[in-house]
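Asks: requesting a structural model of the entry that follows:
(one chain, ligands or ions: 1)
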Amino acid sequence: MYQIYPLSWADSNRDGFGDLPGITAHLDHLAGRPDSLGVDAIWLSPIYRSPMVDFGYDISDHCSVDPRFGTLADADLLFGEAHGRGLRVLLDYVPNHTSDQHPWFAQSRSSRRNRYRDWYVWADPGPDGGPPNNWLSAFERTGPAWTYDQATGQWYLHSFTSAQPDLNWRNPDARAAMHDVLRFWLRRGVDGFRIDVPHRLGKHPELADNPADVAALRRCSQLDERRHNSMDHPDGHDMMRRIRAVVDEFPGRVLVGEVGVHHPQRRLAYHGSDGDELHLIFDFGFWRNPWRADAFRAAGARLARWPDAHRWPTHALSNHDIRRHATRFARAAEDGPDTLARVRVAAILLLTLPGTTFLYYGEEIGMTDLAVPAAHVHDPDGRDPCRSPMRWRSGPGAGFTEGQPWLPTGSEGPTVAGQDRDPGSVLNLYRRLVRLRAGDERLRLGGYRLVDSDPDVYAFLRLASVGAAARQGAAVTGRAGDPAGRLLVLANFADQPRQTGLDRDAESLPGQGVLLAGSGQRPAGVRIRLTDLVLCADEAMVIEI
Ligand code: BGC
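Replies: Below is the predicted model:
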């Protein structure tokens, strides 16, 4: 799946903001042509009408398209063009909150007796006249999760900015209205949704304080065994099941959840006890991996161990909320000439590890974060640098816009045009890997086995498909002596060449194989001797053995 941040992908009308016609015009980049990236699906961050305080995650009309992005007709056209290329389309669904400019909230705040009052979470002041409890907003600088409404003498809850009041999912009318939002888009043909912070729907029914020792922790991701009362309440699972039931009215659709719960069991609980909640859940641990073989080895083990037929792993290294991995993993400039070497290694891992891969626009050319001068900062949580516009070609506007871009495009850096015909480019490595994966059941569905190797070299096998067994819940372990036709993936995390140390696993490996894709200079198709193989610094390979 390929995540598009619509504000930053392609501007068709020179207003400096990306838009839907811009996306439609650039779909060839993703699918439909022999030189497309070859992804199966796109996920669009929010496209709905929004005052853009949180850049679309503050929605003021769920069943419209923000004029910056175009019209509903533009959306229909985009869905049709995408489907014509075999691309599925996922939208972002933001159930926890709306914009404070949403007509529902305008009604809700107008009077305590308004019929929309209970659609949001209102509470009387605490004993000292302050906020009703000690819950905090998730954005570092915004303080308590409550804002006082002078006119009606109560506080409203906002887990994020004060412009994003939380909906009350215990209210049946609010729930039904949000279910209808799903149906509205499903009827227009969307193939599913990425659900924003689903773990925030379930809150303590009495709005009890968070335990004192966790009150200072704003993000659930900082929690382990300890619970917040402001999120991840068990009642949230019923709310998720109902969302899933609506989506199941439409066959073949998918739900991906951004469950920001660090504790693995509690995070995975959002698949539902019987697979009746989310189909897919982002793996927060994976995108926090530091650049170390042992960290990726541990992540690989986690991805390979899905416990039942209802769960399927996912992995991503970048998105619109975190620093791009090309920036996080960058070596100090003096360390090496090829700053994109690690991006190449990461691409090989992303596209060969078990599970569904999520790519973030621009990573396929190695885009890095772009510093945003203080005077031009937009985002309340400091995330502008990872949202800089797609770099299609060099020159002012980088092919993203002919107007004034809403965020800097950078005057230099990788471009699609610059990498298009260079066989050694990051873009062409991504193209090769996506295609390899699409055509190879071992990479999509097959088993996984760790191979003993040098500590700095992560080595694993993808095995002939375990098919039905995997789908019915067998742990994917694989055995030495699996049938021929395995893939060996090697990644050297050291900044020095490394002997792979594969001789430690010599019993289960042949003496040589054929390179299918590599991050370095060696061309695909060459024979690789495994016994005394030395990988260059930051080099990875996929070898058929
Ligand atoms: C989204 C953020 C957004 C927040 C509030 C997150 O998880 O990914 O971009 O600011 O939810 O909607």
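
Asks: wait, Phe296 sits on Val489?
Replies: No. Applying Cβ atoms under 8 Å as the test, Phe296 and Val489 come out as separate, 10.7 Å apart. All C-beta atoms are positioned from the backbone trio N, CA, C, and that covers glycine.

Asks: so for those two, which sits in the more crowded spot?
Replies: Shown here are Phe296 and Val489; by other Cβ atoms under 10 Å, Val489 has more neighbours (24 against 21).

Asks: now that one: which helix or strand?
Replies: strand 487-492 (DSSP states H and E).

Asks: overlap in contacts, Phe296 and Val489.
Replies: Leu349, Tyr458 (Cβ atoms under 8 Å, 6 or more residues apart in numbering).

Asks: for the spatially closest residue to Leu535 that is not a sequence neighbour, give me its contacts.
Replies: Distances taken as Cβ to Cβ, 6 or more residues apart in numbering put Asn492 closest to Leu535, at 3.8 Å, once the chain neighbours are dropped. Shown here is Asn492, whose contacts under the criterion Cβ under 8 Å, 6+ apart are Val345, Asp456, Val457, Arg498, Thr500, Leu535, Cys536, Ala537, Asp538, Glu539, Ala540.

Asks: strands paired with the strand holding Val489, and their directions?
Replies: Sheet pairing for strand 487-492, assigned by DSSP bridges, gives strand 457-465 (antiparallel), strand 540-544 (antiparallel).

Asks: stretch 312-321: which residues count as buried?
Replies: Residues Trp312, Pro313, Thr314, His315, Ala316, Leu317, Ser318, Asn319, His320 are the ones in stretch 312-321 that count as buried (16 or more other Cβ atoms under 10 Å).

Asks: what about the residue of the chain found nearest the ligand, how many residues nearby?
Replies: As assessed by Cβ to the nearest ligand atom, the ligand sits closest to Tyr57 within the chain, at 3.4 Å. By other Cβ under 10 Å, 23 other residues sit near Tyr57.

Asks: hang on, isn't it packed against Phe160?
Replies: Yes. Using Cβ under 8 Å, Tyr57 is in contact with Phe160, at 7.3 Å.

Asks: and for those two, which residues touch both?
Replies: If you check Tyr57 and Phe160 against Cβ under 8 Å, 6+ apart, no residue is contacted by both.

Asks: endpoints of stretch 123-134, how far apart?
Replies: 13 Å (Cα to Cα, to the nearest Å).

Asks: show me the contact partners of it.
Replies: 144-146, 148, 153-155, 157, 207-210, 215, 229.

Asks: can you give me the helices for the stretch 401-545 of the chain?
Replies: Listed in chain order, the helices of the stretch 401-545 of the chain (DSSP state H, counting those that start in this stretch) span 416-420, 426-438, 441-445, 467-471.

Asks: wait, which of the ones you listed is closest to Ala517?
Replies: Among those, the nearest to Ala517 by Cβ to Cβ is helix 426-438 (5.2 Å).

Asks: just the angle between the closest one and strand 487-492, please?
Replies: Counting by axes from the mean of the first three to the mean of the last three Cα atoms, to 10 degrees, helix 426-438 points 150 degrees away from the direction of strand 487-492.

Asks: just the buried residues of helix 426-438, please?
Replies: Val426, Leu427, Asn428, Leu429, Tyr430, Arg431, Arg432, Leu433, Val434, Arg435, Leu436, Arg437.

Asks: likewise for stretch 527-538?
Replies: Ile528, Leu530, Leu533, Leu535, Cys536, Ala537, Asp538.

Asks: wait, the third one touches Thr500, no?
Replies: Okay, so that is Leu533. Yes. The pair Leu533 / Thr500 is scored as a contact, 4.8 Å apart, by Cβ under 8 Å.

Asks: mind giving me the domain split of this structure?
Replies: Domain segmentation of the chain under automatic domain parsing yields 2-98+172-434, 99-166, 446-544.

Asks: okay, those domains in a markdown table with mean pLDDT next?
Replies: Formatted as a markdown table, the domains of the chain follow (pLDDT from 0 to 100):
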| stretch | mean pLDDT |
| --- | --- |
| domain 2-98+172-434 | 93 |
| domain 99-166 | 95 |
| domain 446-544 | 84 |
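
Asks: leaving out the residues flanking it, which one is nearest to the residue nearest in space to the middle of the chain?
Replies: Centroid-nearest residue in the chain, with Cα atoms, centre = their mean: Asn319, separated by 5.3 Å. Setting aside the residues directly before and after it, Asn319 is nearest to Tyr360 in space (Cβ to Cβ, 6+ apart), at 5.2 Å.
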